[in-house]
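1. With the input below, show me the fold.
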Amino acid sequence: MNSLELKKKQTDLSFSHNALSHLSIADKILFEKFGKADLVDLPFKCIHHAFEHHAYLRPEQIALKYKERSITYGELNKEANFLAANLIRRGVNKNQNVGLFLNRSIEMVIGILAILKTGATYVPQDIRITPLSQLNHIIDVANIDLVLSTSSNKKIAEKLWVDDVLFIDSLDKVKTNLLYLPSSTLNQGEDHNCFILFTSGTTGVPNGVQVTHKNVCNIIHTNPGNLNISPGVKVAQILNIAFDMAIWEIFACLSFGGTLYIRGKNIQETVSKVDVVIATPSILSSLEINKCKNILVAAVAGEPCPRNLADSWSEFCSFYNSCGPTETTIVNTMQRHNIENELLTIGAPTPNNTVYILNEDMSACKIGEVGEMWAGGLCVSKGYLENDDLNNKRYKRDPFLNDGSMMFRTRDLGRWTLLGELEHLGRTDDQVKIKGFRVELDSISNTLEALPGCLRACTLMFDKDRLITFVASRVLNEQICKDELEKKLAYYYIPEKIVIMDSLPKTSRGKIDKKRLLELAGSFINDMDEVYV
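-> Numbering: from 1, shown residues only. Predicted structure coming up:
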């Protein structure tokens, strides 16, 4: 899509709209200036075409490294072409969803590229850690007939509710002679689904989010989402394949000729060898920072980032604090943090995107006023699979642009700073009532994370009137934490119990495992002594 097409698609904000009528002229101007990013061209319409471009230009460049194995761009393209031809022979076409249920490996990337080359959509899951019942739920909802895996997962694969399982590492390449069909003739283009990611399901049944090629190209192929990756730059692949940030790792690397280092069991070992790392704050905080000084660029997203963590990493690398749910394609806001910045923000909308701060009635908030973030532009995914009710609740027509495009309700609270950056103020779900007062749980955690020696903090509502906070630290104790909270916050913010732990449990996607912490809360909440785990 060229600039002219984008300008037609993303017209000027409609100042006559009644959602803006209550704002001052100054706020109307800033609402547009802050909320609407620059329009830029996208160099490729499909995400795998960028990889093919580099496979043609530099076939001998190392594309992937995994343990003792490595594979060049030329070899990777050849392997993906071979698998794609096999899939086409089995009837796979652009109207299908293909399951990619396997472990982190070189075959994982071959499978991704092969599925995309057929024009189909891939549906990724880590078969080691996803319960069989959830895998079969995904197969059912996504109408999957074929699953790609590896032979090491044969016992699990045999239990899947699917007609056909193909083991990537077991194909006979000697006896099979298949012609390669150019991928550009097989896909439907930029608005076709690239992948379907299922949410973690922590709040109920997992939902499949349909993400298009255009959605992904818009963050990967523009600045700063490209993370300044160039040929030969080493990029870590440490995240779960079912997590949208793993797509950022893989395609930001392969789209620019980098070398992807796929980790084994040890995250620290991989991060210590690369130039670029993308992670959650919880993962970065678990690393020995002195062994990470080789990093040139780091980007975090997925959960709020502690200021101390951002300051520490920004001293030796370009550190990006980012935000965006799966439904807005990996991230839709980014800020390069500087230790001298007054605030740690999530920056501004990435190119070709918009962010609006709105009240509950969807009217625009004044600049500096707290409201809910709605995301618009090319980041907005196609919607949930087979869930019209949820689509109607979370996806709405954009009332500020006159092009019929959609915007997404993120459920994140925020406000604009006077510098035009977004201050993230937690989730609407994390606003609770305690003793009749409204309490923002992130305010408690953020206050503690500002303490030297605090790695992470998480505050939860245990029952109707009691809070419990878990703190990851090896130097703090409960009394120090309570004293700090009492100095900074009102009395009704003080948790009934503060539990000190060496580290907080993480989900398979590298975020703080709040469900597990709630399970632990029961054993601590009635014990008023200091507890160390």
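
2. Beyond the lowest-mean-pLDDT helix or strand in the chain, next helix or strand please.
-> Using mean pLDDT, DSSP states H and E, helix 3-9 stands out as the lowest-scoring helix or strand of the chain, at a mean of 46. Next helix or strand after helix 3-9 toward the C-terminus (DSSP states H and E): helix 25-35.

3. Please identify the buried residues of that next one?
-> Of all the residues in helix 25-35, those buried under the rule 16 or more other CB atoms under 10 Å are 27-28, 30-32, 34-35. Yep, even glycine has a C-beta here, placed from its N, CA and C like the rest.

4. Strands of the stretch 51-200 of the chain, start to end?
-> Using DSSP state E, counting those that start in this stretch, the strands found in the stretch 51-200 of the chain span residues 62-66, 69-72, 97-102, 121-126, 146-149, 164-167, 193-198.

5. Distance to residue 256 for the ones you listed - can I get that in CSV?
-> Below are the strands of the stretch 51-200 of the chain laid out as CSV (distance: least, CB to CB, whole Å):
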stretch, distance to residue 256
strand 62-66, 11
strand 69-72, 16
strand 97-102, 23
strand 121-126, 21
strand 146-149, 26
strand 164-167, 30
strand 193-198, 18
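
6. now those in TSV, with mean pLDDT?
-> Shown next, in TSV, are the strands of the stretch 51-200 of the chain (pLDDT from 0 to 100):
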stretch	mean pLDDT
strand 62-66	98
strand 69-72	97
strand 97-102	98
strand 121-126	97
strand 146-149	97
strand 164-167	95
strand 193-198	96
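
7. Which one of those lies nearest to residue 523?
-> Taking CB to CB, strand 121-126 is the member of the strands of the stretch 51-200 of the chain nearest to residue 523, at 29.5 Å.

8. Can you name the residues bridging to residue 413?
-> Legend: beta-bridge partners of residue 413 under DSSP bridges are residue 372.

9. what's it in contact with, if anything?
-> Contacts for residue 413 were tallied using CB atoms under 8 Å, 6 or more residues apart in numbering; they are 370-373, 424-428, 431, 440.

10. For ChimeraX, what selects the buried ones among those?
-> Those of those that count as buried under 16+ other CB under 10 Å are selected in ChimeraX with:
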select :371,372,373,424,425,426,427,440
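
11. Restricted to strands, list the contacts of residue 413.
-> Among the contacts of residue 413, the ones falling in strands (DSSP state E) are 371-373, 424-427, 431, 440.

12. any idea which of those residues is closest to residue 161?
-> Distances from residue 161 to the ones in strands among the contacts of residue 413, taken by CB to CB, are shortest for residue 427, at 34.2 Å.

13. could you measure the closest one against residue 390, distance?
-> Between residue 427 and residue 390 the distance is 17 Å, computed by CB to CB, to the nearest Å.

14. Also residue 223?
-> Distance from residue 223 to residue 390, counting by CB to CB: 33 Å.

15. Might you list the low-confidence residue ranges for the stretch 51-200 of the chain?
-> For the stretch 51-200 of the chain, residues meeting the criterion pLDDT under 70 lie at 173-188, 200.

16. What are the boundaries of the helices in it?
-> Ranges of helices in the stretch 51-200 of the chain, per DSSP state H, counting those that start in this stretch, are 73-89, 106-117, 132-141, 154-157.

17. Outside of the third one itself, list whatever touches it.
-> The set of residues external to helix 132-141 that reach it, using CB under 8 Å, 6+ apart, is 99, 101, 123, 125, 127, 144, 147, 156, 159-162, 198, 201, 205-206, 208, 385-386.

18. Would you mind listing where the protein has pLDDT under the threshold?
-> For the chain, applying pLDDT under 70 flags the ranges 1-19, 173-188, 200-204, 525-533.

19. If we use 50, what do you get?
-> 3-4, 6-16, 175, 184, 528-533 (pLDDT under 50).

20. Tell me which of the helices of the stretch 51-200 of the chain sits nearest to residue 239.
-> Per CB to CB, nearest to residue 239 of the helices of the stretch 51-200 of the chain: helix 106-117, 11.8 Å.

21. what helices or strands is that closest one leaning on?
-> On a contact count with 3 or more CB pairs under 8 Å, 6 or more residues apart in numbering; DSSP states H and E, helix 106-117 meets helix 47-57, strand 62-66, helix 73-89, strand 97-102, strand 121-126, strand 146-149, helix 244-254, strand 259-262.

22. Serialize these to JSON lines and add fields for mean neighbour count and distance to residue 295.
-> Shown next, in JSON lines, are the helices and strands packed on helix 106-117 (neighbours: other CB atoms under 10 Å; distance: least, CB to CB, whole Å):
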{"stretch": "helix 47-57", "mean neighbour count": "21", "distance to residue 295": "23"}
{"stretch": "strand 62-66", "mean neighbour count": "21", "distance to residue 295": "17"}
{"stretch": "helix 73-89", "mean neighbour count": "20", "distance to residue 295": "24"}
{"stretch": "strand 97-102", "mean neighbour count": "26", "distance to residue 295": "28"}
{"stretch": "strand 121-126", "mean neighbour count": "24", "distance to residue 295": "25"}
{"stretch": "strand 146-149", "mean neighbour count": "25", "distance to residue 295": "32"}
{"stretch": "helix 244-254", "mean neighbour count": "26", "distance to residue 295": "14"}
{"stretch": "strand 259-262", "mean neighbour count": "23", "distance to residue 295": "12"}
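
23. for these, which one sits closest to residue 416?
-> Nearest of these to residue 416, taken as CB to CB: helix 244-254 at 25.4 Å.

24. ok now that closest one, how far from the chain's centre?
-> The chain centre lies 10 Å from the centre of helix 244-254; the measure is CA atoms, centre = their mean, to the nearest Å.

25. so what secondary structure elements neighbour it?
-> Counting contacts by 3+ CB pairs under 8 Å, 6+ apart, helix 244-254 packs against helix 47-57, helix 106-117, helix 213-220, strand 234-237, strand 259-262, strand 276-279.
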